[in-house]
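K.L.:
Just need the structure, nothing else, for what follows:
(2 chains)
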Amino acid sequence: MGASVMTDYEVHELMTCRVAAEVDEDGVTVMGSFTPLAYASYMLAKLTHAPRAYLVGFDAVGMAPVQLSFTGVEGAAYRGAVCRWGMLTEINSIHLSNHGGVEAVSSAQFDGSGAINLSAIGVFDTPKVRLPGGAGAAEVIKMYRKMVAYFGNHNKRTLVDQVEFVTGTRWRVGPAARAAAGLKPGPIVVVTNLAVLVKDEDDAPFLIESVHPGVTVQTVIDNTGFPLVAPKDVPTTDVPTPQQLDLLRNTIDPFGTVKFDFLPGRERLPYLKGILEAEWKRAAARSA
Amino acid sequence: MSAGVNSTGKVVPLEALGDLVRDGVSVAVGGGWFANHPMAAVRQLIRAGRRDLHAITVVGSVDMDLMAAAGVLGHLSFSMVTLEAFGLAPNVRRAIESGRLPFTEYTGLGLLIGLEAQGRGVPFLPYRGPFGSDLPGKYPDIYTTIQCPFTGEELTAVRALQPDVAIVHALRADAEGNAQWDGTSGPDVEMAKAARRVIVTCEEVVGRDVIVASAHMTKLPGYYVHAVIEAPFGAHPTSHVPRYALDAWQLMEYAEAAGTDSIGDYVAQLRDETEEEYRKRVLAGRDSVLASLAEAGEILWVPAS
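P.N.:
Here you go, the predicted structure:
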């Protein structure tokens, strides 16, 4: 069938492409600091179907797409941006003024109502695990037109019946309820290593939109702590195209930062050291 | 240099910080994520043996964890504290999980709007808040619900927040305290406008003429500022773009120590050396590469004009 093409993909690449598919050119997205999968998805969108997606990384407003690295993203974001604000101006001018576009978020727990827990496992005041906190997520996941939640490990510890603590929530889900509250209508899309789930009505459970190649609907249901609706024929998630894989591997993320978050604990530190060594070598060559 | 009244009165050495920030006060600490935290000041507070500080951070990282490790904190107000790729902040985490560190977890927007309210001189500000979140219910003295007097819409009211001190790190400042940023300023301006006293650390103290020549970069005018401290690499190991990138290697060293007993040695070493000795030890000729790292990230595409 002609020339050989890149067809082998890893699940983090499929997830990146699926999150990227949600990114469009309507509204502004504040990404904050460098989170590899979210950044990769927005950059992929900007280099393919959504070149005018308006992004804020750190305080760099209207940034150009940048190559991912742990030490270089911040500097590059400013060098390619059209404006430099601060956190409060971003809040007032983007979140609160209803310009928010597509918010990608991950959390320790997520439930079927669209609530996230980034605060605590166990008793809030003296928790078993103190989590980092939600930063702006408590407000932002409600306000943005679309909420995209991504999880590299789809299981019942993460996708729970009810989060132990509601750091933030989508609050109003259906288009009518959102419009009545002055919010832009848009769905919650969940992208995991097994499937894509979507919810766009308050009273309806998440629907299994697609399962990834090789994953059964039953596996998804068995690993989800909240009720799901499975249509009779659940489609298979689109796999990354050769062009997407080429962009991700050779242009956007040649150091492999996205994969870092998908590695088991023991492999993480050596892998991170390898990336940082490559980043150091590149910079040292420049400064020599 | 300008010849204005008190033109050098605000410039003090880093060693004066311990006298400017007393035990038990609330301190808003600028920067966000791994960017631009006033780390030289954090180290100096540890050297000065400050205790029982109420630290306020929007998105804290190694700054908060290091202060927790050194026993500086009596209370922590935050919307997030994380070591990102290097994990959860182990010392903040342990201190909270064991009940040793009282804390207030704000929502991110709520914290900044509380600072904004104080800066504007009003006791609270309303906004379309974190509806559905469990956080406001935990803090009825900070968050409550009000009705819009005109439309009847239900809104979140967040109480004004006045830190005793704000410490922020700028690119440069002059002797009047006119302070400039080129990269990440995060919450710095709002913290400064809300605080009773403002301490600016900066990469370099410059003459007024330098500030005037680049006045569009001045984000904090000097009338807010009480003290100016020159602290080169003063955000290290966090970044100060465009001067230097985060020192991921030093952060990795910190993260490895932070989760273990050797954090005591890490803190003791900081405590027993001057800031100049710290720079010499950790930079060790690496400063040019840290600067280069801030320039090395590639821009992938520039839209046609």
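K.L.:
how about the nearest residue to residue A:78, chain neighbours excluded?
P.N.:
residue A:60 (4.6 Å; Cβ to Cβ, 6 or more residues apart in numbering or on different chains). C-betas here are computed from N, CA, C, even on glycine.
K.L.:
quick one: that neighbour and residue A:77 touch, right?
P.N.:
Yes. In terms of Cβ atoms under 8 Å, residue A:60 counts as a neighbour of residue A:77; the distance is 3.8 Å.
K.L.:
When the two are compared, which one has more neighbours?
P.N.:
residue A:77 (30 against 27; other Cβ atoms under 10 Å in any protein chain shown).
K.L.:
The residue nearest to residue A:78 pairs with what?
P.N.:
residue A:57, residue A:84 (DSSP bridges).
K.L.:
measure it to residue A:125 for me?
P.N.:
With distances taken as Cβ to Cβ, to the nearest Å, residue A:60 is found 37 Å from residue A:125.
K.L.:
Residue 54: what's it in contact with?
P.N.:
I'll assume chain A. A:25, A:27-29, A:62, A:101 (Cβ atoms under 8 Å, 6 or more residues apart in numbering or on different chains).
K.L.:
Sorry, I should have been clearer: chain B.
P.N.:
B:24-27, B:73-77.
K.L.:
quick one on the thing from earlier: filter the contacts of residue A:54 to the buried ones?
P.N.:
Among the contacts of residue A:54, those scoring as buried are A:27-29, A:101 (criterion: 16 or more other Cβ atoms under 10 Å in any protein chain shown).
K.L.:
possible to save the residues you listed as TSV with secondary structure?
P.N.:
TSV is the format used below for the buried ones among the contacts of residue A:54 (DSSP: H, G, I helix; E, B strand; the rest coil):
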residue	secondary structure
A:27	coil
A:28	strand
A:29	strand
A:101	coil
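K.L.:
hmm, who's touching stretch A:117-135?
P.N.:
A:32, A:107-110, A:116, A:137, A:163-168, B:58-59, B:78-82, B:88-89, B:92-93, B:96-99, B:105, B:107-108, B:134-135, B:138.
K.L.:
rewinding a little: can I get the contacts of residue A:54 in a markdown table with distance to residue A:183 and pLDDT?
P.N.:
A markdown table is the format used below for the contacts of residue A:54 (distance: Cβ to Cβ, whole Å; pLDDT from 0 to 100):
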| residue | distance to residue A:183 | pLDDT |
| --- | --- | --- |
| A:25 | 20 | 97 |
| A:27 | 12 | 95 |
| A:28 | 15 | 96 |
| A:29 | 16 | 95 |
| A:62 | 24 | 96 |
| A:101 | 13 | 96 |
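K.L.:
between those residues, which is nearest chain B?
P.N.:
Relative to chain B, the closest of the contacts of residue A:54 is residue A:62; by Cβ to the nearest Cβ it sits at 9.7 Å.
K.L.:
wait, the closest one sits on residue A:85?
P.N.:
No. Residue A:62 is beyond contact range of residue A:85, at 10.1 Å (criterion: Cβ under 8 Å).
K.L.:
So residue A:86 versus residue B:189, what's the distance?
P.N.:
Taken as Cβ to Cβ, the span from residue A:86 to residue B:189 is 5 Å.
K.L.:
which one of the two has more residues nearby?
P.N.:
Neighbours were counted for residue A:86 and for residue B:189 using other Cβ under 10 Å; residue B:189 has more, 24 against 19.
K.L.:
for that one, what are its contacts?
P.N.:
A:86, A:88, B:168, B:219-220.
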